[in-house]
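1. Sequence and predicted structure below; questions after.
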Amino acid sequence: MAISLEERPTGLLNQADPDMKRLKAGTIGIFAVVFMALSGSAPITAMTGNVPIAVGFGTGIYTPASFILAAVVLTIFTVGYSAMSRHVVATGSFYGYISQGLGQVIGMASGLLSTVAYIVFEASLIGIFSSFARTTIISFGGPTISWIWIAIVGMAAVAFMGYFNIRLSGRLLAVLLVTEVAILMILGLTVLFKGGGPNGLMLGSLNPAKALTAVPSDTKLGIVGSAGIGLFFCFWSWVGFETVAVYGEESKDPKRIVPRALFVAVLAVAVIYVFVSWMAIAGNGTSHAIGISRSANPFSLFFGITRSFVGVWAEKVYQVLIITGSFACALAFHNSASRYMYAVGREVPSKRIRKTFGATHATQGSPHICSIIQTVITVAIVMGFFWFQHPTKSAPDVAFDYLYGLMAILGTMIILICQSLVSFSVIAYFHVKKLHPETKNFLRTFLAPLVGALAMIYVVYLLFKNLTFAAGLAAGSPVFTAIPWIVIGVAVLGIAYALFLKVKRPDDYKMIGRTVLEEAHERV
């Protein structure tokens, strides 16, 4: 059932409007969309970087159960998110969905927040990419070089890929994702078939009833186990799957592909995370898993069992794939950031801005100008950390301890807040505004989004409660202190801009977040 323009003002993308350019339609199918979303989640980076923290300081050997709990919550969230995606196809998914449900003021704030989140995620992943690459080069007998040179190479490669047709990025991300998932599954299956480590397969680690059980504290080391830390890092690991909706405008059949890809992405990530974290703990055994996660080299939670269960060759491959996996994640977030920037830019009243931020490449159909701008911003963030954030004795790795950690915290905080708002917008869209009654359903468009929103709010609370711990060695940085104020400042800026338009340019105000795809049929 179509909604008339009188009921809901909507900017329909078409070729007749010279100032309203569109991305190249029909470029990618469901597999490419899923690969890009899963690359954003970065399975090998999430497992290697986040699981040791959850095991050592969060939920210990019950971390796989925490991943199960997170999977249930995110699946419930996806129920409402996917319902919205069937009727609103917009490149700025959070921006479009929240604007349609909760109004233009909150929508503009969420649009700017989401853009900032994906902008800083690329810089964050460039940080961990540089750190992993530098360490691996040295371990392979190569020269000791500064991380900034590796970062420059990474940013240049991402910029090159992001400029062109999204199909090119989709193919590369597919290859990189398959290789990183392959090594994780080889490791997991080998541990499984060999019956685990000193404590066997440890099936109790999968007990959902233990999902909020804190790891035992260690008074000698001054460590207090926190179930909240474990649960937060599990949710953190999923960030990126929600970008499925960002690619709706470029997909072949968005009203079918996006909802399906959302469920495929969240469930595929769930299977990988639960299985791999379970096998990592089982392979090491109870005491060793917790001990090594609290050591100076927590990545050995995976490196050690890869070497002992699979072979030295596999450990070397694993180290290389961490590098390519983090690069893939940076590329995925670059694509998301440039598309969010484009989605907001093409609705700005200024024709000059619409012709730059809202422009697409004549042949590639990509948001090439926004891609360039995103690269410039990433370079500025990375160089800022290189020039102004000096290493310390306790935190010698600026790329990992500061750039990766702080930018990931900032981005994750924003995404969780926007996911909560999206859930409330689903309820408002279907039950308050009573749009598309054919889709309205108590379980799907009310109860599921409500549960998802409350769960997301709780995770945001966990983040604020454990913010200092999450920042780790970087908690003393001025950037860390500024994180909550950056979030508040961006939100206030978005609200102020929307209110300005409401008073001074009411017609432009009505169009905030209303630029959606016109066609409902499949593109070939």
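-> Yep, that arrived.
2. C-alpha only now, for contacts and for neighbours.
-> Will do.
3. Thr63 and Ile483, how far apart?
-> 27 Å (CA to CA, to the nearest Å).
4. These two: which is more packed in?
-> Neighbour count, other CA atoms under 10 Å: between Thr63 and Ile483, Thr63 has more, with 37 against 18.
5. If you average the pLDDT over the one helix or strand the more buried one maps to, what comes out?
-> Taking DSSP states H and E as the definition, Thr63 sits inside helix 63-85. Here helix 63-85 scores 91 as its mean pLDDT.
6. what about it, distance to the chain center?
-> From the chain centre to the centre of helix 63-85 is a distance of 14 Å (CA atoms, centre = their mean, to the nearest Å).
7. Let's see it as CSV, backbone CA atoms only.
-> The C-alpha trace of helix 63-85 is given here as CSV (Å, rounded to 0.1, in the frame of the first residue of the first chain):
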residue,chain,number,x,y,z
THR,A,63,31.8,-15.4,27.4
PRO,A,64,30.2,-17.6,24.7
ALA,A,65,27.0,-17.5,26.7
SER,A,66,27.2,-13.7,26.8
PHE,A,67,27.5,-13.8,23.0
ILE,A,68,24.4,-15.9,22.9
LEU,A,69,22.5,-13.3,25.0
ALA,A,70,23.8,-10.5,22.8
ALA,A,71,22.7,-12.4,19.7
VAL,A,72,19.2,-12.8,21.1
VAL,A,73,18.9,-9.1,21.9
LEU,A,74,20.3,-8.0,18.4
THR,A,75,18.0,-10.4,16.7
ILE,A,76,15.0,-8.9,18.5
PHE,A,77,16.3,-5.5,17.5
THR,A,78,16.6,-6.6,13.9
VAL,A,79,12.9,-7.7,13.8
GLY,A,80,11.8,-4.1,14.1
TYR,A,81,14.7,-2.7,12.1
SER,A,82,13.9,-5.0,9.1
ALA,A,83,10.2,-4.1,9.2
MET,A,84,11.2,-0.4,8.8
SER,A,85,13.6,-1.3,5.9
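8. which residues touch Ala71?
-> Neighbouring residues of Ala71 by CA atoms under 8 Å, 6 or more residues apart in numbering: Val266, Leu267, Ala270.
9. I'd like the distance between it and Cys418.
-> 18 Å.
10. still on that earlier bit, could the contacts of Ala71 be laid out in JSON lines, adding pLDDT, secondary structure and neighbour count?
-> Shown next, in JSON lines, are these (pLDDT from 0 to 100; DSSP: H, G, I helix; E, B strand; the rest coil; neighbours: other CA atoms under 10 Å):
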{"residue": "Val266", "pLDDT": "88", "secondary structure": "helix", "neighbour count": "23"}
{"residue": "Leu267", "pLDDT": "90", "secondary structure": "helix", "neighbour count": "17"}
{"residue": "Ala270", "pLDDT": "93", "secondary structure": "helix", "neighbour count": "22"}
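11. all strands for this structure, in order.
-> 11-12, 515-516 (DSSP state E).
12. as a whole number, average confidence for the first one?
-> Strand 11-12 comes out with an average pLDDT of 46.
13. Contact partners for the spatially closest residue to Gly49 that is not a sequence neighbour?
-> Leaving aside its chain neighbours, Gly49 sits nearest to Phe299 (6.9 Å; criterion: CA to CA, 6 or more residues apart in numbering). By CA under 8 Å, 6+ apart, the residues touching Phe299 are Thr48, Gly49, Pro52, Ser293.
14. Excluding sequence neighbours, find me the nearest residue to the first one.
-> Leaving aside its chain neighbours, Thr48 sits nearest to Phe299 (5.9 Å; criterion: CA to CA, 6+ apart).
15. What does the pLDDT read for that neighbour?
-> pLDDT, Phe299: 88.
16. what does Gln15 give?
-> 41.
17. wait, isn't Tyr402 in contact with Gly472?
-> No: counting by CA atoms under 8 Å, Tyr402 sits too far from Gly472 to count as a contact (9.1 Å).
18. For Ile483, see how far away the most centrally placed residue in the chain is.
-> The residue lying closest to the centre of the chain (CA atoms, centre = their mean) is Gly240, at 2.5 Å. Distance, Gly240 to Ile483, using CA to CA: 20 Å.
19. With Asp397 instead?
-> Taking CA to CA, one finds Asp397 at 20 Å from Ile483.
20. How about Val312?
-> On the measure of CA to CA, Val312 and Ile483 end up 41 Å apart.
21. For Tyr402 and Gly472, indicate the residue with more neighbours.
-> Neighbour totals were compared for Tyr402 and Gly472, and Tyr402 leads with 30 against 14 (other CA under 10 Å).
22. Skipping adjacent residues, who's closest to the more buried one in space?
-> Ala474 (5.4 Å).
23. In contact with Asp381: list those residues for me.
-> Just so we're on the same page, residue 381 is Ile rather than Asp. Val120, Ala123.
24. how much space between it and Ala332?
-> Relative to Ala332, Ile381 is positioned 18 Å away (CA to CA).
25. what does Thr219 give?
-> In terms of CA to CA, Thr219 sits 42 Å off from Ala332.
26. which of the two has more neighbours?
-> Ala332 (29 against 8).
27. list the contacts for that one?
-> Per CA under 8 Å, 6+ apart, neighbours of Ala332: Met36, Ala37, Ser39, Gly40, Leu173.
28. pretty sure the second one contacts Trp238?
-> No: applying CA under 8 Å as the test, Ala37 and Trp238 come out as separate, 9.9 Å apart.
29. Pick out whichever of these two has more residues nearby.
-> Shown here are Ala37 and Trp238; by other CA under 10 Å, Ala37 has more neighbours (33 against 26).
30. burial measure for the nearest residue to the more buried one once chain neighbours are set aside, as a count.
-> Nearest residue to Ala37, sequence neighbours excluded (CA to CA, 6+ apart): Phe241, at 4.7 Å. By other CA under 10 Å, the residues close to Phe241 number 28.
31. which ones are touching Phe241?
-> Counting by CA under 8 Å, 6+ apart, Phe241 makes contact with Ala37, Leu38, Gly40, Ser41, Leu262, Ala265, Val266.
32. now it: how far from Pro64?
-> Distance of Phe241 to Pro64, computed by CA to CA: 19 Å.
33. low-confidence ranges in the stretch 101-250 of the chain?
-> Confidence mapping of the stretch 101-250 of the chain against pLDDT under 70 gives the ranges 165-166, 245-250.
34. follow-up on the earlier one: what's the closest of the contacts of Phe241 to Arg514?
-> Ranked by distance to Arg514 (CA to CA), the contacts of Phe241 are led by Leu262 at 22.0 Å.
35. okay, now the residue nearest to the closest one when sequence neighbours are not counted: neighbour count?
-> Leaving aside its chain neighbours, Leu262 sits nearest to Val244 (6.1 Å; criterion: CA to CA, 6+ apart). Neighbourhood size, Val244 [other CA under 10 Å]: 29.
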